[in-house]
Every structure is written in C-alpha cells, then in structure tokens.
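Engineer: Below are the sequence and a predicted model; questions follow.
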Amino acid sequence: MTLLEVDRLSFHYPGREVLHEISLALEPGKFYGLLGSNGSGKTTLLDLMIGNLRPTNGGVFLHGKPLPSYPRRKLAREIALIPQEFRAGFDFSVFEVVLMGRHPYIPRFGAPDEDDLAIVQEAMEAIGVAELADRPVTALSGGEKQRVIAARALAQNTPILIMDEATANLDVLHTRQIFNVVKKRVKKQSVTVIAAIHNLNQAAAFCDEIFLLKGGKIFAQGPAEDILVPEKIFDVFGVRCRTGWNEFSGSHQVSLQWKTS
Ligand code: ADP
C-alpha cells in the first residue's frame, strides 16, 4: 500500500535542473533514508514532498490525491518536518514551541485541551527536553533547539515524518535517542519516516530502505546491505570503504578509508 507517491518529478531552480524524473513510493510503517552528496537535491526533494516547493514536472500524491489539493491545516495533520535548522525569531518558551505542533488540531481561536497538553508533555519527555519547558528557545544551544524542534514534530502526531539532517548538530547519545524514538513510532504506530542522513552507519542501522541520489536521479534503491556497498559508495561519494554485518551494532555497517595519505 502506498501512502506517499512521487511520480516522475522534476524540479528546476531558475536555469538549473536539480531533480530529474524522480519516482518513488513510501509505504506505512517503514523508515526510509535519503542519501547523496552535498547539493545532490535531498533538501529540495523533501521540500517538494511536504509541499513547500512545487514540482516543475510530475507530482506528489498523498493517499492518491495531489498534494496541492490538501488545505494547509489538513496537510499539517498528515506530514511533519524536522528541518535542518530552526531559527527562533521570538522568545517563545520551549513548551510554546512544542505546543505549535498541536496547532493543526486546535480550533481557530480555541485553546489546547487536556489531550493536546498530554501529547506535548509526552513528546518533550520522549526527546528529553521536558526540563527545558520554561526556557526561551532563543537562549538554547543549537543542539537543544534541534531537539525542541524534533519534539514539536512528534507532537504533530502525523502518519508521515520527514527529517532533513535532523540530528546533524547532535552528539551521538542525543542522535541515538531521537532516532530510537522515531523508529519506535515506525514499528508501533506504522508511521512512515523519510530522513536525509549523512552518516552512512546511522542510515544502515535505522533504515528499512535507502534511496541514493546522484546527479538529480535515484541512483540506487533498496535495503542498506544492497545499497551501502563499496562500489556504490565510491560512485556517489568518491570514498573507498569496506562493508558488512556488524554484530555489535546489530546492523550492516560501513568502515571508511578516512586517511588519504
Ligand atoms: P542537498 O540537500 O542534497 O545538499 P539541496 O536540495 O539543498 O541539496 O540543493 C540541490 C542543489 O540546488 C544544489 O546545487 C543547490 O546549490 C541548489 N539550490 C538549492 N536551493 C537553491 C535556490 N533557492 N536557488 C537556486 N539553487 C538552489
């Protein structure tokens, strides 16, 4: 069953094609990884999937209906985004920012009900930011802000979650925490996740399926053990590696040749 479909989608920035005839289908209860070198179009593709950009050709379909046919509030109950960066313009508290995740559910001019508040508290606790609840977001570190924004997306409680390098600023412990919270939602609530990830081992550990982008096209697609292999990694990133099952990680893993001299 397809939840979100990208159909022969192409996208141009003025004078430049960034994505060319991309087709992919996302199913419920799967964790997808979107990998590719810097500038390969990952953020652009994710922005198209959430309707922040419109395709030049082709389309994005949610439950079989074109994305633009969804009113904004309805779409916000279907897809949440954890963006690469969060720019806090105002002195909102952490609690207020996470509560924004409930806005698509709260009637206009209405107030959050008990369920909304419980969901906000649960999301803050799952991500470990509950103790920051009263702090202004402008006074947080980059990593703390990133975790707050992850909690906001979780509070949105959507069947689809898009993560755009959501843990790029985080240490390994907090990275692992967010990815495990999200993976639990994939398994227990059949949430669909698509995440742009740079760390190949993180992708290998968490993703059921990986899309590898190169030159604006999907270069390869499949489970980590078929996609994160030396030839493909060299083709896309130009770095040599060895790959295989790693008992301690409990997953396929990649050992990179870091030193070049
Ligand atoms: P990635 O997320 O894989 O690093 P992006 O989707 O951010 O890649 O960018 C894909 C390409 O589109 C890059 O070459 C980038 O320079 C270009 N690009 C991104 N945003 C714009 C923009 N607003 N105008 C023109 N080109 C852009």
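Structural biologist: Alright, I've got the coordinates.
Engineer: which one is the residue minimising distance to the centre of the chain nearest to, not counting chain neighbours?
Structural biologist: Computing the C-alpha centroid of the chain and ranking residues by CA atoms, centre = their mean puts residue 163 first, at 1.4 Å. Of all residues not flanking residue 163 in the chain, residue 195 sits nearest, at 3.8 Å (CB to CB, 6 or more residues apart in numbering). Backbone N, C-alpha and C define where each C-beta goes, glycine included.
Engineer: low-confidence ranges in the stretch 151-261 of the chain?
Structural biologist: Along the stretch 151-261 of the chain, no part satisfies pLDDT under 70.
Engineer: Single out the residue in it that lies closest to the ligand.
Structural biologist: Nearest residue of the stretch 151-261 of the chain to the ligand (CB to the nearest ligand atom) works out as residue 196 at 6.2 Å.
Engineer: what's near enough to touch that residue?
Structural biologist: When contacts are counted by CB atoms under 8 Å, 6 or more residues apart in numbering, residue 196 touches 33, 34, 35, 42, 43, 46, 163, 164, 165.
Engineer: neighbouring strands for the helix or strand in which the second one is found, and are they parallel or not?
Structural biologist: Per DSSP states H and E: residue 34 is located in strand 31-35. Using DSSP bridges, the strands paired with strand 31-35 in its sheet are strand 192-196 (parallel), strand 209-214 (parallel).
Engineer: Please work out the average pLDDT along it.
Structural biologist: Throughout strand 31-35, pLDDT has a mean value of 98.
Engineer: How about stretch 18-26?
Structural biologist: Stretch 18-26 comes out at a mean pLDDT of 98.
Engineer: Check whether that stretch comes near the ligand.
Structural biologist: Yes - interface with the ligand: stretch 18-26 contributes residue 18 (CB under 6 Å from any ligand atom).
Engineer: From the chain's centroid, how far away is that stretch?
Structural biologist: 16 Å (CA atoms, centre = their mean, to the nearest Å).
Engineer: Repeat that for stretch 111-120.
Structural biologist: That offset, for stretch 111-120, works out to 24 Å (CA atoms, centre = their mean).
Engineer: Look up phi and psi at residue 259.
Structural biologist: Backbone torsions of residue 259, given as degrees, to the nearest 10, read phi -90, psi 140.
Engineer: That one: what's it in contact with?
Structural biologist: Under the criterion of CB under 8 Å, 6+ apart, residue 259 has no contact partners.
Engineer: which residues touch the nearest residue to residue 30 once chain neighbours are set aside?
Structural biologist: Nearest non-adjacent residue to residue 30, counting by CB to CB, 6+ apart: residue 208, 4.7 Å away. Contact analysis of residue 208 by CB under 8 Å, 6+ apart lists 30, 31, 32, 223.
Engineer: Which of these ranks first by neighbour count?
Structural biologist: residue 31 (23 neighbours; other CB atoms under 10 Å).
Engineer: I'd say the residue nearest to the centre of the chain and residue 82 touch.
Structural biologist: Yes - contact between residue 163 and residue 82 holds when scored by CB atoms under 8 Å: they sit 4.6 Å apart.
Engineer: what sits up against the helix or strand where residue 143 lies?
Structural biologist: Residue 143 belongs to helix 142-155 when elements are defined using DSSP H and E. The contact list for helix 142-155 (CB under 8 Å, 6+ apart) reads 80-83, 86, 88, 94, 97-102, 119-120, 123-124, 126-129, 132, 137, 140, 161, 166-171, 174, 178, 181-182, 185.
Engineer: are any of the residues you listed buried, and which?
Structural biologist: By the neighbour-count criterion of 16 or more other CB atoms under 10 Å, these include these buried positions: 80-83, 86, 94, 97-99, 101-102, 119-120, 123-124, 126-129, 132, 137, 140, 161, 166-170, 174, 178, 181-182, 185.
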